[in-house]
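Asks: coords below, sequence missing:
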Ligand SMILES: NC(=O)c1ccc[n+]([C@@H]2O[C@H](COP(=O)([O-])OP(=O)(O)OC[C@H]3O[C@@H](n4cnc5c(N)ncnc54)[C@H](OP(=O)(O)O)[C@@H]3O)[C@@H](O)[C@H]2O)c1
């Protein structure tokens with residue numbers, strides 16, 4: 001295939017609160033050893049992308065840079081190696097390289113080893129949202145909650161894309177899921193997808209209800225995407241010897257922990273990061289898991305998509321997503337003008 005010399009990409013020029021992306025022409029990179037070049041199809045926008053563009057993620061890249069951590073694409077060139085040759089012509093889901101350019105572009109370089117070939121049954125849209133949330137839902141429920149021996153789990157930010165996955169998959173795995181949301185309409189939305197227990201943190205009785213429900217359900221693990229005061233509230237109201245696993249910082253606050261909770265109450269506060277979890281997995285088990293996850297993308301691990309917009313509207317997609325995160329994901333169509 002003849003590759004063009006330049007491509008359009010949504011470029012971030014500055015890390016700041018008010019995110020601005022400029023769609024401009026930049027060179028199409030050429031793959032080196034162990035890399036493949038993807039013609040990007042769809043790209044997803046997650047809280048981690050917002051946090052990166054705000055300059056608050058776990059790492060920064062030199063500016064200007066193309067943001068976007070995950071997406072689907074077609075492998076159009078390989079930098080050599082068996083895996084790269086095998087992937088040529090395949091539709092894949094991939095994560096951007098931490099040191100490289102991101103998914104908000106017509107083309108992107110990816111490590112061949114981080115590409116997951118997509119089953120025919122998986123759409124470009126669901127393929128673009130295959131890695132970050134579905135794998136996290138699986139990893140936390142399977143490795144932390146089930147392997148830890150818990151029968152029930154509390155989760156925060158339950159009305160978001162990942163929260164809905166945790167509600168559906170957790171129930172499928174035989175767990176009772178205690179969902180926490182922050183607005184009454186989110187209670188209704190969660191009930192609509194079959195959630196049995198939904199607590200509203202804006203309710204005056206929230207803390208006492210949480211204490212009662214967590215004890216009654218014997219929920220000894222909490223998966224917390226909010227952090228700050230919410231993590232402290234979970235630590236105070238979960239049964240003794242519970243684990244609060246912070247995997248998101250949506251509140252932007254630090255956690256004000258009472259030391260006695262940890263010492264005398266036996267509560268544990270820990271973190272989860274998907275990148276670290278993936279690095280600890282064996283190659284073959286990841287391949288098997290990726291196939292299994294793909295088969296759940298139309299069911300328990302599906303992502304509700306609000307709108308798919310052309311690359312030229314990347315900034316609008318980001319703004320619109322920020323304004324109402326519970327309304328479904330905004331995806332970018334990297335093939336549309
Ligand atoms: N550690 C990891 O490896 C990892 C991997 C995947 C995802 N995550 C994290 O998982 C979280 C959820 O991701 P997602 O894709 O499901 O997001 P999403 O679909 O955008 O949903 C975010 C949800 O969080 C709620 N929310 C936002 N700010 C909040 C706050 N300050 N207090 C309480 N609720 C708040 C939103 O409610 P409103 O509509 O009311 O704003 C929305 O329901 C994010 O923090 C993300 O970074 C972490």
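Replies: Structure's in. What do you need? This is a predicted model, so every value here is computed, not measured. Numbers count the residues shown, from 1 in each chain.
Asks: What parts of the chain come near the ligand?
Replies: 46-48, 132-133, 136, 157, 159-163, 182-183, 225-226, 247-248, 250-251, 272-274, 324-326 (Cβ under 6 Å from any ligand atom). (Glycine included, C-beta is placed from N, CA and C.)
Asks: Quick check on those residues: which are buried?
Replies: 46-48, 132-133, 136, 157, 159-163, 182, 225-226, 247-248, 250-251, 272, 274, 325-326 (16 or more other Cβ atoms under 10 Å).
Asks: Helices of the stretch 151-300 of the chain, residue ranges please.
Replies: Along the stretch 151-300 of the chain, counting by DSSP state H, counting those that start in this stretch, helices occupy 161-172, 184-192, 206-217, 229-237, 259-263, 274-279, 283-295.
Asks: okay if I get those helices as a markdown table plus mean pLDDT?
Replies: Listed next are those as a markdown table, based on pLDDT from 0 to 100:
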| stretch | mean pLDDT |
| --- | --- |
| helix 161-172 | 98 |
| helix 184-192 | 97 |
| helix 206-217 | 98 |
| helix 229-237 | 97 |
| helix 259-263 | 93 |
| helix 274-279 | 95 |
| helix 283-295 | 94 |
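Asks: tell me the most buried of those helices?
Replies: helix 161-172 (a mean of 23; mean count of other Cβ atoms under 10 Å).
Asks: could you check the angle helix 184-192 makes with it?
Replies: 40 degrees (axes from the mean of the first three to the mean of the last three Cα atoms, to 10 degrees).
Asks: Against which helices or strands is helix 161-172 packed?
Replies: Using 3 or more Cβ pairs under 8 Å, 6 or more residues apart in numbering; DSSP states H and E, the elements in contact with helix 161-172 are helix 132-138, strand 152-155, strand 176-181, helix 184-192.
Asks: mind checking how far that helix is from the chain centre?
Replies: Distance of helix 161-172 from its chain centroid, counting by Cα atoms, centre = their mean, to the nearest Å, is 13 Å.
Asks: Please apply the same query to stretch 152-167.
Replies: Offset of stretch 152-167 from its chain centre (Cα atoms, centre = their mean): 12 Å.
Asks: likewise stretch 170-185?
Replies: Centre to centre, stretch against its chain (Cα atoms, centre = their mean), the figure for stretch 170-185 is 17 Å.
Asks: That one: end-to-end distance?
Replies: 22 Å (Cα to Cα, to the nearest Å).
Asks: where do the strands sit along the stretch 1-150 of the chain?
Replies: With DSSP state E, counting those that start in this stretch as the criterion, the stretch 1-150 of the chain has strands at 6-12, 21-27, 35-44, 70-78, 91-95, 107-111, 115-117.
Asks: Tell me the predicted confidence for the closest residue in space to residue 87 that isn't next to it in sequence.
Replies: Distance criterion Cβ to Cβ, 6 or more residues apart in numbering; nearest residue to residue 87, sequence neighbours excluded, is residue 75 at 4.5 Å. pLDDT recorded at residue 75 is 98.
Asks: Identify the residues contacting residue 75.
Replies: 36-38, 87-92, 115 (Cβ atoms under 8 Å, 6 or more residues apart in numbering).
Asks: Nearest to the ligand: which residue in the stretch 51-200 of the chain?
Replies: residue 160 (2.2 Å; Cβ to the nearest ligand atom).
Asks: Would you confirm that that residue contacts residue 226?
Replies: No. Residue 160 is beyond contact range of residue 226, at 10.3 Å (criterion: Cβ atoms under 8 Å).
Asks: Contacts only, for residue 125.
Replies: 42, 72, 303, 305, 308, 331.
Asks: Check the burial of the nearest residue to the third one once chain neighbours are set aside by counting its neighbours.
Replies: If the residues on either side of it in the chain are set aside, residue 303 comes closest to residue 129, at 4.0 Å by Cβ to Cβ, 6+ apart. Burial of residue 129 is recorded as 28 neighbouring residues (other Cβ atoms under 10 Å).
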